[in-house]
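A.B. asks: Below are the sequence and a predicted model for it; my questions follow.
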Amino acid sequence: MAENGVQTLDRTFDIIELLAVTPNGMGVTEIGQKLGLHKSTVYRLINALVRRGYLEKDQNTGLYKIGPKFIEISGLYVRQIELKTEAAPFMRHLTELTGQVTHLAILDETEVVYIEKIEVMQSLRMYSQIGKRVPVHCSALGKVLLSGQNSDYQEQVLGKIKYIRYTENTVKDANEFKRELEMVRQKGWAIDNEEHEIGIRCIAAPVRDFTGKIIAALSITGSKNIISPDKDEYYGKLVVEAADNISRRLGFTGKTGE
């Protein structure tokens, strides 16, 4: 079964790579001849790719071409590279100002994904790395990211969250999390008050693209003894300023930091 699965994947990628260099498209028979595959096999794999949007059929010629899904995925990849490039100097400056670990993250349904991290040599060693995922309901980053989504998407995500309690401070259910999201919208930034790890607090703010949409979140993370509740406003202002600067670099010209 495993070998058959790998063979199917290889054949699928062979088709994709062939059509990627054939802008005018190809028919099923021609693809089969080029790759040495039976027509029925090609047809089956192509149908699966068309359903997912990776290939499309030209209604005039009947030939298959690369589909819009690849454009979407490529766009997301390019945007991430641009985001990280523009964010890096502001993240370094924020780390220098606060002496705390700085993270940049994006939303993936019920999880937050770290895409960049600036660490301090003498800071508390954080168990985080680029690519690491954390639950959306118990992180300042997650609160910021979900607060920027439309109500329908929020409800969809809220219904999927398992609401595992990592500490006594972790939100218990969807209703409590909704109240947290409303507070984030009012303040413009979010706090993780030892909600994922005991002794660790975080403050996060939104990063917007040129349309004003929240596409990422920036945070500082550190010991509760340093990022203490009495300093939330001070650190919150610094994080918001850094996030606003990144947003401006991405083309956002609206009013931020509210």
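C.D. replies: Here it is on my side, so go on. Note that the coordinates shown come from a computational prediction; the quantities given were computed from them, not determined experimentally.
A.B. asks: From here on, just use CA atoms for contacts and neighbour counts.
C.D. replies: OK.
A.B. asks: Show me the strands in the stretch 101-250 of the chain, by range?
C.D. replies: Secondary structure of the stretch 101-250 of the chain (DSSP state E, counting those that start in this stretch): strands at 101-108, 111-118, 133-135, 190-193, 200-208, 214-223.
A.B. asks: Contacts for the second one next, please.
C.D. replies: Residues outside strand 111-118 that contact it (Cα atoms under 8 Å, 6 or more residues apart in numbering) are 84, 91-92, 95, 101-107, 129-136, 141-142.
A.B. asks: ditto for stretch 239-255
C.D. replies: So stretch 239-255 is contacted by 83, 86-87, 90-91, 94, 188-189, 203-212, 217-220, 256-257 (Cα under 8 Å, 6+ apart).
A.B. asks: For PyMOL, write the selection for the buried entries among those.
C.D. replies: Command for PyMOL that selects the buried part of the contacts of stretch 239-255, burial taken from 16 or more other Cα atoms under 10 Å:
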select buried, resi 83+86+87+90+91+94+188+189+203+204+205+206+207+208+209+212+217+218+219+220+256+257
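A.B. asks: and the strands of the stretch 101-250 of the chain, which is most packed in?
C.D. replies: Per residue and on average, the most neighbours among these fall to strand 200-208, with a mean of 28 (mean count of other Cα atoms under 10 Å).
A.B. asks: quick one: that one to strand 101-108, angle?
C.D. replies: Strand 200-208 runs at 60 degrees relative to strand 101-108, counting by axes from the mean of the first three to the mean of the last three Cα atoms, to 10 degrees.
A.B. asks: so strand 200-208 versus strand 214-223, what angle?
C.D. replies: 160 degrees.
A.B. asks: Minimum distance to residue 149: which of the strands of the stretch 101-250 of the chain has it?
C.D. replies: Nearest of the strands of the stretch 101-250 of the chain to residue 149, taken as Cα to Cα: strand 214-223 at 7.7 Å.
A.B. asks: List the strands paired with that closest one, with their directions.
C.D. replies: Strand 214-223 has the following strand partners under DSSP bridges: strand 101-108 (antiparallel), strand 200-208 (antiparallel).
A.B. asks: Quick test: name the residue nearest the centre of the chain.
C.D. replies: Nearest residue to the geometric centre of the chain (Cα atoms, centre = their mean): residue 106, 2.8 Å.
A.B. asks: Help me confirm that that residue comes into contact with residue 219.
C.D. replies: No. The pair residue 106 and residue 219 does not pass the contact test of Cα atoms under 8 Å, sitting 11.5 Å apart.
A.B. asks: remind me, longest helix of the chain?
C.D. replies: The single longest helix within the chain, with elements called by DSSP state H, is helix 68-98.
A.B. asks: Name the residues of that one that are buried.
C.D. replies: 69, 80, 83-84, 86-88, 90-92, 94-95, 98.
A.B. asks: which one among these gets closest to residue 194?
C.D. replies: residue 98 (18.6 Å).
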